[in-house]
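J.: build me a model:
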Amino acid sequence: MTGHFKKSDSEGFYFIREFRVDGGSSYEVGQVISLDEVIKAGDTVDIQGTSKGKGFQGVIKRYGFAGGGAGHGSMFHRAPGSIGCSAWPARVVKGKKLPGRMGGDTVLRKNVEIVAVRADENVVLFKGPLPGARNGLLKIFTK
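T.: So this is what the prediction gives:
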């Protein structure tokens with residue numbers, strides 16, 4: 001990648017992504033595309049990001065299962081319960097809701113309104129929540 005950066009007279013970037021554009025021949029290698037050329041306040045865009053990872057979670061947190069009674073020695077509190085049949089099909093059915101890793105998924109939020117574009121600060125202000133953690137990488141799809 002160092003050779004590509006030298007050709008474009010730049011020092012390099014932490015994240016590199018490719019995007020398909022219409023009329024790609026009109027761009028030059030190393031050309032900087034400013035925000036105000038592409039989007040403006042009042043536009044609606046789609047935003048894609050990676051949701052926060054929550055690690056290994058049980059079925060109550062992951063799927064909202066009710067759990068069992070708390071008192072009188074029930075011994076069934078946060079467990080998933082029965083997960084399959086006995087004789088047939090004699091296996092756990094695919095897609096069964098069980099404990100596992102939660103979060104860290106690709107999330108697409110559609111029709112997000114742009115409140116303001118501050119091109120001098122390289123900042124875009126959106127209305128509402130965005131997927132992922134603070135300072136996370138987001139893809140903005142214009143319409």
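
J.: go through the strand ranked longest in the chain and flag the buried ones.
T.: Secondary structure of the chain read by DSSP state E shows that its longest strand is strand 106-118. Within strand 106-118, the residues that count as buried by 16 or more other C-beta atoms under 10 Å are 109, 112, 114, 117. Quick note: C-beta positions are derived from backbone N, CA and C, even for glycine.

J.: next SSE after that strand?
T.: Counting by DSSP states H and E, the next helix or strand C-terminal to strand 106-118 is strand 123-126.

J.: what lines up beside that following strand in the sheet?
T.: Strand 123-126 has its sheet partners listed here by DSSP bridges as strand 106-118 (antiparallel).

J.: next one: the partner strand to chain centre, how far?
T.: With C-alpha atoms, centre = their mean, to the nearest Å as the basis, strand 106-118 stands 13 Å off its chain's centre.

J.: what is the mean pLDDT for that strand?
T.: In this model, strand 106-118 has a mean pLDDT of 96.
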